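1. structure, please.
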Amino acid sequence: TSICREFMMIFLHFAHEYTTTTPEPCSCTDKVKAGLSTGEKSFQKSGLLKPIYLGNTGFLLQAGTRGADKDTASYQQYLVMSRNECGQGVLDLFRFGAYRWSVLEKRAKGTTNPITNYDAFADAYYRIHADEHKKHRSITIGFRADKTLPDLTGNTSKDTYWAGLQFYHLASTFDLVNVNIMDVYNCLQMAKPVTILPGDGIDLTCDYAKCVGEEVKVGY
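-> Residues are numbered from 1 along each chain as shown. You can find the predicted model right below:
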């Protein structure tokens, strides 16, 4: 019986060890952290964000990333917006406001090829730490691309897409946080792009906004 008890204790030890070390789905593992590509400059510095339509409650933009070239079939990109550049009001607009964030394929007129699946993640992540200066607070939004064909715009070193933001109930929301749509546009111009490419331990269907927001500290 003592041998049985000893065997059971060993079994329970390994069972406990297994259950506590298995990462939760979509968690911020070391492999995900290692896959964060942070070398891209802000849109303002790269010139990869251009307005197509600007309205009082939203806008449509032509955006691009050099974190993925035209032959990259799948990737994720996140935009990290800092309080230092955007102000607390814009961050609060993403925290409390009602909005729709959309990403679409940029296509030549008359193209009949299969449409690329760009999927914008619905939730934004707000980074705030009591032991950090307020300027390091940030909002992170993101999307994933699952491309059916190489970039059809002819670009070889970047992927170009349409990005749209539409806010709702802005009369009350904008007054509450004391910002306007141009403040949001200017904030996006200063956003920090972070790209995740396919790799071991990375699930591109996961929303890693929290992981990106925590690992990529902005506001310097």
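2. the bottom helix or strand of the chain by mean pLDDT?
-> None of the helices or strands of the chain scores lower by mean pLDDT, DSSP states H and E than helix 2-21, at a mean of 50.
3. buried sites along the helix or strand containing C187?
-> Taking DSSP states H and E as the definition, C187 sits inside helix 181-189. Neighbour counts over helix 181-189 (16 or more other CB atoms under 10 Å) mark 181, 183-185, 187-189 as buried. (C-beta placed from N, C-alpha, C; glycine too.)
4. closest to L91 out of the residues you listed?
-> Proximity of the buried residues of helix 181-189 to L91 (CB to CB) peaks at C187, which lies at 8.4 Å.
5. contact partners for that closest one?
-> 81, 85-87, 90 (CB atoms under 8 Å, 6 or more residues apart in numbering).
6. one step back: using CSV, write down the CA coordinates of the helix holding C187.
-> Taking Å, rounded to 0.1, in the frame of the first residue of the first chain, the C-alpha atoms of helix 181-189 are listed here in CSV:
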residue,chain,number,x,y,z
ILE,A,181,-12.9,63.3,-35.4
MET,A,182,-9.7,65.1,-36.5
ASP,A,183,-8.2,64.3,-33.1
VAL,A,184,-8.8,60.6,-33.8
TYR,A,185,-7.3,60.9,-37.3
ASN,A,186,-4.2,62.6,-35.9
CYS,A,187,-3.9,60.0,-33.2
LEU,A,188,-3.9,57.2,-35.8
GLN,A,189,-1.1,59.0,-37.8
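7. and it, how far from the chain's centre?
-> Relative to the centre of its chain, helix 181-189 is centred 17 Å away, using CA atoms, centre = their mean, to the nearest Å.
8. and the helix or strand following it, average pLDDT?
-> Helices and strands here follow DSSP H and E; after helix 181-189, the next one along the chain is strand 192-196. Averaging pLDDT along strand 192-196 yields 96.
9. do stretch 45-61 as well
-> Per-residue pLDDT over stretch 45-61 has a mean of 90.
10. what about it, start to end distance?
-> Across stretch 45-61, the terminal residues are separated by 16 Å (CA to CA, to the nearest Å).
11. what pLDDT does the model give R66?
-> Per-residue confidence (pLDDT) for R66: 90.
12. could you check how far it is from T160?
-> Relative to T160, R66 is positioned 11 Å away (criterion: CB to CB, to the nearest Å).
13. again, but for S102
-> 15 Å.
14. in terms of neighbours, single out the busier of those two.
-> Between S102 and T160, T160 has the larger neighbour count (other CB atoms under 10 Å), namely 18 against 15.
15. surely the more buried one meets G64?
-> Yes. At 4.4 Å, T160 and G64 qualify as touching, with contact defined as CB atoms under 8 Å.
16. on that earlier part again, and the contacts of C187, which two are the farthest apart?
-> Farthest pair in these (CB to CB) is M81 and G87. Separation: 10.0 Å.
17. okay, these two: which has more neighbours?
-> With neighbours defined as other CB under 10 Å, M81 and G87 compare such that M81 has more, 28 against 18.
18. doesn't that one belong to a strand?
-> Yes. M81 forms part of a strand when assessed by DSSP: H, G, I helix; E, B strand; the rest coil.
19. what's opposite it in the beta bridge?
-> Going by DSSP bridges, M81 is paired in beta bridges with I139.
20. and the strands in the chain, which stretches?
-> Per DSSP state E, the chain carries strands over the ranges 36-37, 49-54, 58-65, 74-82, 98-105, 117-120, 125-127, 138-146, 159-168, 192-196.
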